[in-house]
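Asks: Could you look at this predicted model? Sequence included:
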Amino acid sequence: MTRQWLRKIQLSVEGGGKTIDLSQMRVRFVVQQELQRQRPAVAQITISNLSDQTANAINKEGKVISLEAGYEEGFGLIHKGEIYQKRGPARETPVDKYLTLNSKSGDTAYSFSTVNKTLAAGHTFRDQVDVALEALKPYGVTAGFIADLGKQTMPRGRALFGMTRDLLRTIAQSTNTSWTIRDQKLEIVKNDKAMDGQAFVLNSQTGMIGMPVQTTGGIQVRMLLNPRVRPGTRLQIDQKSIQQATLNQDFFNPIETQQSQLPSIASDGFYKVLYVEHSGDTHGVPWYTDCACVATSEQGLVLKNFVNQGIPTDV
């Protein structure tokens with residue numbers, strides 16, 4: 001079992017042909033990754049008390065930010081993306097300055113990538129994904145986990161034309177999948193299955209904090225920061241540790257309706273992660289991974305109970 005002891009972080013900003021290492025500064029971050037809304041992962045990262053020279057260099061030339069976090073024995077990449085907004089340097093107290101960087105994974109690819117290609121009769125959905133990947137590649141987005149999309153072949157040729165993100169949404173709707181861009185990689189996951197690989201057993205010995213809670217936004221659980229957990233990951237949680245939702249006597253929202261809106265508590269303990277939020281402060285208490293998940297066979301929940309932490313994500 002990996003020891004979750006001694007925090008570790010690596011933060012760097014690339015641009016102008018050089019890399020600036022910010023790992024020794026005070027860093028606060030919130031990283032949000034999800035599958036349901038099919039768009040890039042986002043991050044808000046605040047660095048305190050940079051020198052004017054370093055802050056100005058980042059403001060002028062900073063393009064890509066990479067954040068690795070975790071513990072000495074459990075450390076990994078939790079966000080890599082393009083910086084789309086820089087706030088500061090400014091003061092938060094009379095003596096402390098800050099620079100906040102907002103970032104999206106594959107932001108340029110998501111916003112500007114287009115496809116313009118014709119596929120002959122007999123092509124597959126994977127062939128369409130390959131066309132999308134070809135269009136994303138010039139913007140720095142490559143293939144991550146791509147689920148098996150089946151062997152169905154198309155009886156006619158098809159002209160693929162328009163925004164790459166629209167093509168991916170059409171493919172997802174046709175194949176019962178969801179996609180996201182995370183760490184500059186395109187990932188496609190089946191809606192009724194988790195990613196391949198062994199389930200991560202989550203309990204108090206492996207980093208779980210408090211007790212998981214059943215809500216209309218999924219089974220919500222907090223753990224010590226774990227870069228291994230991402231949208232599509234399979235978790236194994238003891239069903240006895242999950243706190244059931246409290247139902248209210250409400251004339252306008254009958255008990256039966258409330259029950260139908262709640263996710264099931266899986267009898268086998270296996271859940272698929274749909275939403276992940278990593279948050280931390282190198283000079284403070286937070287160092288958590290928050291998840292919303294559903295039983296591996298359950299779909300259609302709207303995860304509405306997580307607060308956005310102020311990151312603009314409605315593009």
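Replies: Arrived safely.

Asks: Who are the packing partners of the helix or strand hosting residue 135?
Replies: Using DSSP states H and E, the element containing residue 135 is helix 125-136. Counting contacts by 3 or more C-beta pairs under 8 Å, 6 or more residues apart in numbering; DSSP states H and E, helix 125-136 packs against strand 114-119, strand 142-146, strand 158-163, helix 164-175, strand 185-190. No exception for glycine: its C-beta is placed from N, CA and C like everyone else's.

Asks: looking at this, residue 205 is in a helix?
Replies: No. The assignment for residue 205, made by DSSP: H, G, I helix; E, B strand; the rest coil, is coil rather than a helix.

Asks: Distance of it relative to residue 25?
Replies: According to C-beta to C-beta, to the nearest Å, residue 205 and residue 25 sit 33 Å apart.

Asks: Compare these two (neighbour count), which wins?
Replies: Taking neighbours as other C-beta atoms under 10 Å, residue 205 and residue 25 compare with residue 25 leading, 17 against 9.

Asks: Surely the more buried one forms part of a strand?
Replies: No. Secondary structure of residue 25 (three-state DSSP): coil, not part of a strand.

Asks: Apart from its neighbours in sequence, what residue is nearest it?
Replies: Once flanking residues are discounted, residue 25 sits nearest to residue 47: 5.1 Å by C-beta to C-beta, 6 or more residues apart in numbering.

Asks: That neighbour contacts residue 96, doesn't it?
Replies: No. At 11.3 Å, residue 47 does not count as touching residue 96 under the criterion of C-beta atoms under 8 Å.

Asks: higher neighbour count, the two?
Replies: The neighbour comparison of residue 47 against residue 96 (other C-beta under 10 Å) goes to residue 47, with 24 against 10.

Asks: all helices of the stretch 151-300 of the chain, in order?
Replies: Using DSSP state H, counting those that start in this stretch, the helices of the stretch 151-300 of the chain run over 164-175, 255-260.

Asks: mean pLDDT lowest for which of those?
Replies: Ranked on mean pLDDT, the bottom entry among the helices of the stretch 151-300 of the chain is helix 255-260, at a mean of 72.

Asks: in that helix, what's buried?
Replies: residue 258 (16 or more other C-beta atoms under 10 Å).

Asks: cool, and stretch 59-66?
Replies: So stretch 59-66, judged by 16+ other C-beta under 10 Å, has buried residues 62, 64-66.

Asks: next one: it to chain centre, how far?
Replies: Chain-centre distance of stretch 59-66: 21 Å, with C-alpha atoms, centre = their mean, to the nearest Å.

Asks: And for stretch 128-139?
Replies: The answer for stretch 128-139 is 20 Å, by C-alpha atoms, centre = their mean.

Asks: got a list of contacts for it?
Replies: 106, 108-109, 112-115, 117, 119, 141-143, 146, 149, 158, 160, 164, 167-168, 171, 186, 188 (C-beta atoms under 8 Å, 6 or more residues apart in numbering).

Asks: what does the domain assignment say about the chain?
Replies: As assigned by automatic domain parsing, the chain contains the domains 7-106, 109-190, 200-295.

Asks: For burial, what's the neighbour tally of residue 151?
Replies: Applying other C-beta under 10 Å, we find 8 residues neighbouring residue 151.
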